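Peer 1: return atomic coordinates for the entry below.
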Amino acid sequence: AATRQDMTYWLQELQQKRWEYCNNLDAAKRDSRTSPTPSDFSKGLVAKDNPGSILSQNASAERARNILAVETSPTDLVGEQAASQPAPVQPSAINFSLKQWSTEIKNSMSSLRKGSNENRKSVFYTTEEWELLDPTPKDLEDSMALEEKRKHLAEGIKGKRLTSSAFPFDLGRIPHKTRRPLKDMIGSSRNRNSSDSSPTEWYSGNSNKLVSELQLKYQSQQEELEKLKKDLLSQKELVRLLQQTVRSSQYDKYFASRLCEGVPKDKLELLHQKDDQILGLNNQLEKLNLEKDNLQQEVKNLKCKVGELNEQLGMLMETIQAKDEVIMKLSRQLSECEDNTSSPSGAVNSSMAICTNKELQELDRLKDNLQGYKNQNKFLNKEILELSALRRNAEAREREWQAKHTSLEAKLCQIESKYLILLQEMKTPVCSEEQSPAREVITQLLEDALKAETSEQPEQAFFKPHLVSEYDRYGFQTVPEDDDEEKLVAKSRALDLRSLSLSENRDISTGVKWENYLASTMNREMMRCVELKNLIRSGIPHEHRSKMWKWCVNIHVKKFKDSTVPGYFQSLLQNALEKQNPASKQIELDLLRTLPNNKHYSSPTSEGIQKLRNVLLAFSWRNPDIGYCQGLNRLVAIALLYLEQEDAFWCLVTIVEVFMPRDYYTKTLLGSQVDQRVFKDLMSEKLPRLHAHFEQYKVDYTLITFNWFLVVFVDSVVSDILFKIWDSFLYEGPKVIFRFALALFKYKEEEILKLQDSMSIFKYLRYFTRTILDARKLTNIAFGDLNPFPLRQIRNRRAYHLEKVRLELTELEAIREDFLRERDTCVEKRDLISDDEEDS
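Peer 2: I've put the predicted structure just below:
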């Protein structure tokens, strides 16, 4: 900022932005900052339904800020516009000298050398430093060419080690490895030269530019000279070789034509040997001559260096001589001053005493200031300690009040639930013709309770209970729209669920355990272990469920995924859409019947419908033996609430092809029938009293439990319990279904044993699972009270009952064939048809 007023305005704006930012942070982001693990937001359909609530501003703090605010307005440019302008320059003296200019040049060059050793720079830059400006295309081309020349220059100087005595620094050794890019330097340099600058800066910039241009010209001439020398040497070597070849050919021709006629063979060989020796000696002579030339050149170079060193030595001697003269002159002046001060010693003593007194007074003043600062520091430290203690006490009181508030709210929800049930019971008609006043009051209270969700005429209501959201966090409808009685029961159930969730939220140990475990696995791969199994059994937190479900699915289908090509799901979906698919018709019929009470699947335009269609079509193309079975749509719908399409597809593969036995979802549902017989055996073993009670009144409870196993409790239990069951199911497998099915019966065992006729028992079994709300108690029964629960026992019983069911099916098939054969042969029975024929 150019002035203090602009600076105050800038700081005030920063403070306002910080206040707005902190007030607009949502709760999820604040939790993620205090959490040791990164927040894992839901990836499925549920992700769009939890945007988080905006925190309300503190009214008292806002009033205090308004009172303490300083009303300032900018006088000049501020912000980004001020950052692009040059910083204000302090007024400097007008009388500049050449000596000052040279000092500025030396300082600027030394700062360039020192700058390369700095590893860090501030994020704020003034005009004295390089500015971050975007250069023009011409600047880019010039900078690239200049950078190439500088590279060659650095190599040449490194090879020759040129020295110069004209400057006190080495131009060729200016480091630029840690500098900003050259294009930024050029842009900032042009910007500085175009703006108003002091004469010293102008002279320094032009001098540096002139020196660099001269240096580049010198380097280019040196490169051309070296190139010409190399060409000359190569040409000389070529000429020498050609001359030698010509001489040898002429010599051989001469001896072969004239001198060699009539000469014996041994003499000819001797002559050839002598010729070879002569040629060898000539080559050695030429090599020696070359070495001699090189040595002479080195001698010349050494003489030049000696001359330069002598010149430098002479300059140093002259400098030393000049310094000696200065020292002698200063020594004479010092002796004269000592002689002059020896006579008036009294005046000197008095002046020294005055100086001493002043120094003592300054020392006392500094001691007083030091003591004052120490006292102030002690006071401030004490204030900090007291404020910290007060803050800790206030936080403790706030936590206590929050716990009390949560407990009271949970109790209030329970009371409201009982109140609604009581109203419903009191509304039942009695054998009386007169209309009692209590009946009218009860009727009015019921109407008020049903209208509690709308804000119409709140002043006329007798009692307005807690507002219950139309949908829960998973998208399921909490209160039905048709029947008033069902609406009251559903609202009461929702209040009970809220009470339980508030009670569970007071115990934060589970959430802390999850945070600690995920923090410990941030830098390593997550593995199966007892700690993770216990955490999953207690329930995966909502914010981590997408991540954990995806991980559980991947560990089960890793072998399938490794054997497929990338884009496998998309290719299956493309084939199912382009080619004839026998399952597509049934899939379309079941889409809207999947979860009509969930807003993600309630209408044809819902987002979940298209995703559900894609996953079911892709799976029908992958597994044509099953194609599509009623029940698969509900499995996929639950998976899509927390997973994307492809992950939900692999989740369905995990359930159908990994967890469940073969023929579980085929046309005969053979595996499902076998599991019902296994469940009967477990009921007689784990809950013998209840099993005997069902046998006494001939109640076939497998008609109820069959759907539990087929769709893993979808639409059978409340949503909070459903997703906790799915957490354990995706990690441990189908054994979890047996555990929770037995736990549901054990949870309500005493209530069922009180029923004494088959109709009331069967009616109770149709809805009793929706009345179970305590997920923690149900989990403790499933994983604690029912132990031991070995998987080997389930596998053995499955194999045993599979053989029995297959024998029964074989007998039924034989009976059917006998019936068809008898019908064809007997005229009287030709009009009879079987159940299969009637369905078709």
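Peer 1: which helix is the longest one in the chain?
Peer 2: With secondary structure taken from DSSP state H, the chain has its longest helix at helix 345-426.
Peer 1: which strands and helices sit next to that helix?
Peer 2: Judged by 3 or more CB pairs under 8 Å, 6 or more residues apart in numbering; DSSP states H and E, helix 345-426 is in contact with helix 437-450, helix 484-506. Yep, even glycine has a C-beta here, placed from its N, CA and C like the rest.
Peer 1: got the contact list for the closest residue to I609 other than its chain neighbours?
Peer 2: Once flanking residues are discounted, I609 sits nearest to L591: 5.5 Å by CB to CB, 6 or more residues apart in numbering. Residues near L591 by CB atoms under 8 Å, 6 or more residues apart in numbering: 601, 604, 609, 612-613, 633.
Peer 1: show the buried residues in those residues.
Peer 2: Buried residues within the contacts of L591, defined by neighbour count using 16 or more other CB atoms under 10 Å: 601, 609, 612-613, 633.
Peer 1: redo those as JSON lines? Include secondary structure.
Peer 2: Below are those laid out as JSON lines (DSSP: H, G, I helix; E, B strand; the rest coil):
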{"residue": "Y601", "secondary structure": "coil"}
{"residue": "I609", "secondary structure": "helix"}
{"residue": "L612", "secondary structure": "helix"}
{"residue": "R613", "secondary structure": "helix"}
{"residue": "N633", "secondary structure": "helix"}
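Peer 1: okay if I get these as CSV plus distance to E578 and pLDDT?
Peer 2: Formatted as CSV, those follow (distance: CB to CB, whole Å; pLDDT from 0 to 100):
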residue, distance to E578, pLDDT
Y601, 25, 94
I609, 20, 95
L612, 20, 95
R613, 15, 94
N633, 22, 95
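Peer 1: out of the residues you listed, flag the one nearest to L238.
Peer 2: Nearest to L238 among these, counting by CB to CB, is R613 at 82.5 Å.
Peer 1: residue contacts, that closest one?
Peer 2: By CB under 8 Å, 6+ apart, the neighbours of R613 are 587-588, 591.
Peer 1: possible to save those residues as JSON lines with secondary structure, distance to M548 and pLDDT?
Peer 2: Compiled in JSON lines, those are given as follows (DSSP: H, G, I helix; E, B strand; the rest coil; distance: CB to CB, whole Å; pLDDT from 0 to 100):
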{"residue": "I587", "secondary structure": "helix", "distance to M548": "29", "pLDDT": "94"}
{"residue": "E588", "secondary structure": "helix", "distance to M548": "33", "pLDDT": "93"}
{"residue": "L591", "secondary structure": "coil", "distance to M548": "28", "pLDDT": "94"}
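Peer 1: export those to a markdown table and tack on distance to F619?
Peer 2: Supplementary listing: the contacts of R613 in a markdown table, determined by distance: CB to CB, whole Å:
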| residue | distance to F619 |
| --- | --- |
| I587 | 10 |
| E588 | 15 |
| L591 | 14 |
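Peer 1: closest one to Y628 out of those, please.
Peer 2: Looking across these and measuring by CB to CB, the closest to Y628 is I587, at 5.5 Å.
Peer 1: now that closest one: closest residue in space, sequence neighbours ignored.
Peer 2: Nearest non-adjacent residue to I587, counting by CB to CB, 6+ apart: L616, 4.9 Å away.
Peer 1: any idea which element the one you found lies in?
Peer 2: helix 607-622 (DSSP states H and E).
Peer 1: mind listing what's buried in that helix?
Peer 2: Buried-residue list, helix 607-622, by 16+ other CB under 10 Å: 608-609, 611-622.
Peer 1: go on, stretch 790-806?
Peer 2: 793-794, 797-798, 801-802, 805.
Peer 1: could I get those as CSV with secondary structure and pLDDT?
Peer 2: Shown next, in CSV, are those (DSSP: H, G, I helix; E, B strand; the rest coil; pLDDT from 0 to 100):
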residue, secondary structure, pLDDT
Q793, helix, 90
I794, helix, 92
R797, helix, 94
R798, helix, 93
H801, helix, 94
L802, helix, 93
V805, helix, 91
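Peer 1: for D339, phi and psi?
Peer 2: Backbone torsions of D339, given as degrees, to the nearest 10, read phi -60, psi -40.
Peer 1: re the thing from before, max pairwise distance over the contacts of L591: which two?
Peer 2: P604 and N633 (14.6 Å).
Peer 1: what's the closest of the buried residues of helix 607-622 to D276?
Peer 2: The closest of the buried residues of helix 607-622 to D276 turns out to be R622 (CB to CB; 86.1 Å).
Peer 1: quick check: closest non-adjacent residue to the closest one.
Peer 2: In space, and not counting its chain neighbours, R622 is closest to L572: 5.5 Å by CB to CB, 6+ apart.
Peer 1: ok, the one you found - contacts?
Peer 2: 618-619, 621-622 are the contacts of L572 under CB under 8 Å, 6+ apart.
Peer 1: 10 Å - rerun?
Peer 2: Contacts for L572 (CB atoms under 10 Å, 6 or more residues apart in numbering) come out as 564, 614-615, 617-622, 649.
Peer 1: which of these sits closest to S672?
Peer 2: The closest of the contacts of L572, once distances to S672 are taken by CB to CB, is F619, at 18.0 Å.
Peer 1: show the pLDDT at that closest one.
Peer 2: With respect to pLDDT, F619 scores 95.
Peer 1: wait, it sits on A639?
Peer 2: No - using CB atoms under 10 Å, F619 is not in contact with A639; the gap is 11.4 Å.
Peer 1: between these two, what contacts are shared?
Peer 2: With CB under 10 Å, 6+ apart, F619 and A639 have common neighbours 648-650, 652.
Peer 1: out of those, give me the one that has the most neighbours.
Peer 2: A648 (30 neighbours; other CB atoms under 10 Å).
Peer 1: and that residue, that one's in a helix?
Peer 2: Yes - assessed with three-state DSSP, A648 lies in a helix.
Peer 1: quick one: it and V636 touch, right?
Peer 2: Yes - using CB under 10 Å, A648 is in contact with V636, at 5.7 Å.
Peer 1: anything in contact with each of the two?
Peer 2: Jointly contacting A648 and V636 under the rule CB under 10 Å, 6+ apart are 611-612, 614-616, 619.
Peer 1: using a markdown table, lay out the shared contacts of F619 and A639 together with pLDDT.
Peer 2: As requested, these are arranged in a markdown table below (pLDDT from 0 to 100):
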| residue | pLDDT |
| --- | --- |
| A648 | 96 |
| F649 | 96 |
| W650 | 96 |
| L652 | 96 |
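Peer 1: list just the nearest of these to N289.
Peer 2: W650 (83.8 Å).
Peer 1: so what's the closest one up against?
Peer 2: 550, 553-554, 556-558, 560-561, 568-569, 615, 619, 639, 643.
Peer 1: quick one: it and G567, what's the gap?
Peer 2: Separation of W650 from G567 (CB to CB, to the nearest Å) stands at 14 Å.
Peer 1: now swap in A322 and tell me
Peer 2: 84 Å.
Peer 1: I'm done for today, thanks for sticking with me.
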